[in-house]
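[1] Give me coordinates for this.
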Amino acid sequence: LRGTCNAENCSSCIPPNSETMHEENKEVKTWQDAYRESRTDRRKELHALLAKNSLDPSDADPIILMVINRGYLYMFYNFLCSLDYNGIDGVRQRLLVIVTDKQTQTDIQQNAPNVMTLYPQWLGDALLTRITPKMA
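    Model (predicted):
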């Protein structure tokens, strides 16, 4: 990279403003546009999911957000087993798991039906299909 990249100013080094990562700049800009355009729909979907599970964003207790790549599903199940083994109640009902593929969502819904899952369709298949279990 050119001499402009340093700890105080890395905006010219990383997408979407990189001076050298042109393809990545396009991908990030596409993602940022999709994020902005889907804001209202994402919020509606999230509010509906929380309401379906008798939760409200203004609740005093936190909602625990996790992102699960299929390659780490076994660790997620281990986490749930640990909650049960240690008698930690109320956590499962406040878990919101963002899944990176539909099969992981199906697996969690079948094996842990009291855990909320959300598949971020708005990210688009171009990005979601790049996230694979091999990334674990």
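
[2] all strands for the chain, in order.
    In the chain, the strands defined using DSSP state E lie at 64-68, 95-99, 116-118.

[3] Which residues are in contact with the nearest residue to D41 once chain neighbours are set aside?
    Distances taken as CB to CB, 6 or more residues apart in numbering put W122 closest to D41, at 7.0 Å, once the chain neighbours are dropped. Quick note: C-beta positions are derived from backbone N, CA and C, even for glycine. W122 makes contact with A34, Y35, S38, D41, R42, according to CB atoms under 8 Å, 6 or more residues apart in numbering.

[4] rerun that using 7 Å as the cut-off
    A34, S38, R42 (CB atoms under 7 Å, 6 or more residues apart in numbering).

[5] Show the model's pLDDT score for the second one.
    It refers to S38. You'll see S38 listed with a pLDDT of 90.

[6] so who does it touch?
    W122.

[7] And for the first one?
    The contact partners of A34, taken as CB under 7 Å, 6+ apart, are W122, L123, G124.

[8] ok, now how distant is it from W122?
    Separation of A34 from W122 (CB to CB, to the nearest Å): 6 Å.

[9] Would you mark the buried spots in the longest helix along the chain?
    As assigned by DSSP state H, the longest helix anywhere in the chain is helix 22-37. Applying a neighbour-count criterion of 16 or more other CB atoms under 10 Å, one finds N25, V28, W31, A34 buried in helix 22-37.

[10] Stretch 68-83 too?
    I68, N69, R70, Y72, L73, F76, L80.

[11] follow-up on the earlier one: between the strands of the chain, which one is nearest to A48?
    strand 116-118 (10.4 Å; CB to CB).

[12] List the strands paired with the closest one, with their directions.
    strand 95-99 (parallel) (DSSP bridges).

[13] which other residues reach the partner strand?
    Residues contacting strand 95-99 (CB under 7 Å, 6+ apart): 63-68, 105, 108, 115-120.

[14] can the contacts of A34 go into JSON lines with extra columns for distance to R92 and pLDDT?
    Formatted as JSON lines, the contacts of A34 follow (distance: CB to CB, whole Å; pLDDT from 0 to 100):
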{"residue": "W122", "distance to R92": "26", "pLDDT": "78"}
{"residue": "L123", "distance to R92": "25", "pLDDT": "74"}
{"residue": "G124", "distance to R92": "30", "pLDDT": "70"}
